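J.: Here is my input, please return the structure:
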Amino acid sequence: MSVVEGGPVSTNLVQRVQNILLKPKEEWVVIEGEPATAQGLMTGYAAILAAIPAVAGFLGQFLITHSLIGGAVGAVLGYVLGLAMVFVLSIIINALATSFDATANPTQALKLAVYSNTAGWVAGVATIIPFLGGLVAFVGACYGCYLLYLGIGPLMKAPADKAVGYTVVSIIAYVLLVGIVAWITFAVVAMVVASAAITAGAMMH
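T.: Now for the predicted structure:
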C-alpha cells in the first residue's frame, strides 16, 4: 500500500520512516512497486520531515545568538530551498540514468531522492544542540548516501556493476546542491541581520 499516494498525510508515514532506516533493502522493493505522485511525495512526506531540521536548527541558533529574525529567516529559507534541492536532485538522478544503463523514470527518481533523505532529516533534530548537531547531521547524511546506493538498483534499474558509479555521481551533485543552498541561506541571513542591526541603530539615535 502506498504511503504517500496523492497529497494527504498518511498514518503510515512513521512506519515508512522506520522501515527505510531499519530495513532499507526490503523497503526499497516495496517503494519501487507502489504508486506515487510528485505532489504526494513532496507534501505527504518530504515537506513534513524536512521541517524537523528547520525547526530544530532555528531553536538551536536562537539559543546561541538570540536573533529571532535571523533564525526565522534562515529556517524558512533553508526549509524551502532544501525541498527544492531534493526535487532538483531527482531531476539530476533521472537525467543520469541512461549514462549508467539505468531506466529513466522521473517518479522513481523522485522517490529515490525523497526517501534517501530520510536519515538526514531525522538526524536534523540534533541541530537543536549546534555543536553536537553538526556531527549527528553528518552521520545522517552519510547514511543517506548508503540509502541512495541501496535504492538506485531497485528504483532506477541500474546494473549492479554501474550502481556504485551512478551513486557517486549523484552524491557529488547532491553535495554541490547542499553547498549552493548553504551559501544562499548564509548570504540572505547575513544581509537580513545586518539590515536589522542598522535599522535598530538608527532608531536608537
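
J.: Every contact and neighbour count from this point should use C-alpha atoms.
T.: Will do.

J.: I'd like to know which elements the helix or strand where L135 lies is packed against.
T.: L135 belongs to helix 130-156 when elements are defined using DSSP states H and E. Secondary-structure packing of helix 130-156 (3 or more CA pairs under 8 Å, 6 or more residues apart in numbering; DSSP states H and E): helix 24-33, helix 51-65, helix 106-116, helix 118-123, helix 160-204.

J.: Recalculate using a threshold of 10 Å.
T.: Contacts defined by 3 or more CA pairs under 10 Å, 6 or more residues apart in numbering; DSSP states H and E place helix 130-156 against helix 13-22, helix 24-33, helix 51-65, helix 68-96, helix 106-116, helix 118-123, helix 160-204.

J.: I'd like the distance from the helix or strand that the second one is followed by to the chain centre, please.
T.: In this case it means helix 24-33. Remark: after helix 24-33, the chain's next helix or strand is helix 38-41, criterion DSSP H and E. Relative to its parent chain, helix 38-41 has a centroid offset of 14 Å by CA atoms, centre = their mean, to the nearest Å.

J.: mean confidence score for helix 38-41?
T.: On average, the pLDDT along helix 38-41 is 95.

J.: Could you list the buried residues of stretch 174-193?
T.: Within stretch 174-193, the residues that count as buried by 16 or more other CA atoms under 10 Å are Y174, L177, V178, V181, A182, I184, T185, F186, V189, V192, V193.

J.: quick one on the thing from earlier: which of the helices and strands packed on helix 130-156 is buried the deepest?
T.: Each of these was scored by mean neighbour count; the highest is helix 106-116, a mean of 25, by mean count of other CA atoms under 10 Å.

J.: C-alpha coordinates for that helix, CSV please?
T.: Provided in CSV are the C-alpha atoms of helix 106-116 (Å, rounded to 0.1, in the frame of the first residue of the first chain):
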residue,chain,number,x,y,z
PRO,A,106,11.0,10.8,-13.0
THR,A,107,8.6,9.4,-10.4
GLN,A,108,11.1,6.6,-9.4
ALA,A,109,13.9,9.2,-9.3
LEU,A,110,11.8,11.4,-7.0
LYS,A,111,11.1,8.5,-4.7
LEU,A,112,14.8,7.8,-4.5
ALA,A,113,15.7,11.4,-3.8
VAL,A,114,13.0,11.9,-1.2
TYR,A,115,13.3,8.6,0.7
SER,A,116,17.1,8.6,0.8
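
J.: Many thanks, we can stop here.
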